[in-house]
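Chemist: give me a 3D structure for the following:
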Amino acid sequence: MTELNRALAGAAEKGIISAHQVRDLEVYLADCGFRFAPAAPDAAVDRADAALDAQAAEDSEQPRFVRGFHDILITIGIVVVLIGLWGLSGPLATLPAILVLAEILVRRQRLALPSVVLTLALVHWIAMTSMWFVDDHGDAWHPLTFTLAYVATFPIPLALFYWRYRVPLALAGLVLSVALICVVAVLLAFLRVLGIDVASPDHFLLLPLTLLVGALAVFAIAMRYDILDPQRLTTRSDIAFWLHLAAAPALLYSLIGLVFLANGGATWWDGQASFSQAAAAIVIVALFMLVGLIIDRRAFVTSGLLSLGGAIWTMLSQTGASLDSYVSIAFAAVGVTVLVIGVFWQKLRRIVMHSLPETMTARLHAAP
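Modeler: Residues are numbered from 1 along each chain as shown. Next comes the predicted model:
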C-alpha cells in the first residue's frame with residue numbers, strides 16, 4: 001500500500017469521499033502515470049485497509065431509505081395518520097390521503113423513507129380492498145381461481161403509482177405481482193387444461209418447480225437492473241435491491257421444497273427430515289451465500305439463515321444430544337456464520353471475484 005493509498009483510505013474513513021471514489025481516483029492517477037513509493041506496513045496501514053473495507057461494505061448496497069431524522073419524523077406522522085383514517089372510514093378516506101401525501105412528500109420533496117411507507121400503504125389498501133371484493137366468491141371459486149383474481153388487482157394500481165411518483169419499490173412490487181399472476185395462471189392451467197391438481201401427492205413437485213421458474217424470472221429482471229447500474233448510483237440499484245429481496249427467499253424455498261417433497265414431504269419442523277435432506281439444505285444455503293457474494297446482494301445470505309439453523313438443528317438432533325445442546329449449537333453456528341460473512345464481506349468478495357472470469361465480473365458491482 002502506498003502513502004497515497006493510505007491518505008485516500010483515511011479520507012474514506014472520515015467520510016470525505018466514498019470507497020467508490022477512492023477506487024476511481026486510484027485508477028485515474030495510475031492512468032496518468034503517477035507512481036508512488038511503497039510504504040512500510042504498520043498498524044496504521046492495517047487500520048486504513050480495514051476502514052476502507054468497512055466503507056466499501058457500507059457503500060456497496062445502500063437502498064435510499066433514510067436521509068435524516070426528518071424522514072423518520074415525517075414517516076411516523078404518515079403511519080399514525082393513515083392508521084387513524086383507516087379506523088375512522090376504512091379505505092374511503094385512506095386512498096385519497098395516500099395520494100395527497102405522495103404528491104407532497106414524494107413528487108415534490110422526494111423524501112426517501114416516506115415514499116417506501118406510502119408504497120406499502122398503497123399495497124395494504126389494495127390487499128384489503130381486493131379481499132372485500134373477491135371474498136364473496138370464496139365458496140364458489142376454486143382456490144387457484146380465487147388467488148388469481150386476488151393478485152390480478154395489484155399490477156394496475158402499482159403501475160400507475162410508479163408512473164406518477166417513480167418509487168423503486170412500486171416498480172418492484174409491479175414485477176413481483178405480475179410474476180405471481182403468471183405462476184398462479186400456470187397452476188390453474190395445469191388444472192383446467194391438463195386436469196393436473198398440484199395439491200395431489202402425485203404432482204407435488206409441480207408447485208415448487210413452477211415457483212422456481214417464477215422466482216428465476218424475478219431474479220433475471222433484478223440482475224438486469226444491476227447490470228444496467230454496476231456502480232449503483234441510480235434508482236435502478238434500488239429496484240434491483242427490492243427484487244432481490246423477493247427473489248432470494250422464493251428461489252431458496254423452491255429449491256428446498258424440491259428436496260423435501262421429492263422424499264415424501266418431510267420437514268425438519270415435524271422431526272421427520274433425514275440427515276441427507278438437512279445436508280442438501282445446507283449445500284443450497286451455502287450456494288446462495290456464494291451467489292450473494294458474487295452479485296454483492298446480502299438478501300441471498302439472510303434468506304437462508306432460518307433454513308441453515310433448521311438443517312443444523314436436524315443434523316444434531318439425530319446424534320442423540322439433548323434438546324438444549326443442539327438448539328444452542330444451532331443458534332451459535334448461525335450467529336457465527338452471519339458475523340464471519342458480515343465482517344469479512346469485502347475480503348470474501350475479492351477472493352470470489354478474482355476466481356471468476358473477467359467477462360463476468362466486468363458486468364457486476366466491482367469488488368474494492
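
Chemist: show me where pLDDT drops low in the stretch 151-300 of the chain?
Modeler: Scanning the stretch 151-300 of the chain for pLDDT under 70 picks out the ranges 201, 262-273.

Chemist: where does the residue nearest to the spatial centre of the chain fall, phi/psi-wise?
Modeler: For the chain, the residue sitting closest to the mean C-alpha position, by C-alpha atoms, centre = their mean, is residue 245 at 1.6 Å. Dihedral pair for residue 245: phi -60, psi -30, per degrees, to the nearest 10.

Chemist: count of neighbours near the nearest residue to it once chain neighbours are set aside?
Modeler: Leaving aside its sequence neighbours, residue 245 sits nearest to residue 299 (C-beta to C-beta, 6 or more residues apart in numbering; 4.8 Å). C-beta coordinates here come from the backbone N, C-alpha and C atoms, glycine included. Neighbourhood size, residue 299 [other C-beta atoms under 10 Å]: 22.

Chemist: test my guess that residue 299 contacts residue 291.
Modeler: No - counting by C-beta atoms under 8 Å, residue 299 does not reach residue 291; the two are 10.0 Å apart.

Chemist: run through who's touching stretch 184-198.
Modeler: 142, 144, 145, 147, 148, 151, 203, 204, 206, 207, 210 (C-beta atoms under 8 Å, 6 or more residues apart in numbering).

Chemist: first-to-last residue distance for it?
Modeler: For stretch 184-198, the separation between the terminal residues is 11 Å (C-alpha to C-alpha, to the nearest Å).

Chemist: surely residue 259 touches residue 279?
Modeler: No - with contact defined as C-beta under 8 Å, residue 259 does not reach residue 279; the gap is 9.8 Å.

Chemist: more crowded one of those two?
Modeler: residue 259 (18 against 14).

Chemist: let me see the contact set for that one.
Modeler: 277, 280, 281, 284.

Chemist: next up, the contacts around the residue nearest to the last one when sequence neighbours are not counted.
Modeler: Sequence neighbours aside, residue 255 is the residue nearest to residue 284 in space, at 5.2 Å (criterion: C-beta to C-beta, 6+ apart). Remark: with contacts taken as C-beta under 8 Å, 6+ apart, residue 255 is in contact with 208, 212, 284.

Chemist: of the residues you listed, keep whichever come out buried.
Modeler: By neighbour count, with 16 or more other C-beta atoms under 10 Å, those hold 208, 212, 284 as buried.

Chemist: so the first one touches residue 251, yeah?
Modeler: No - between residue 208 and residue 251 there is no contact, the gap being 10.6 Å when judged by C-beta under 8 Å.
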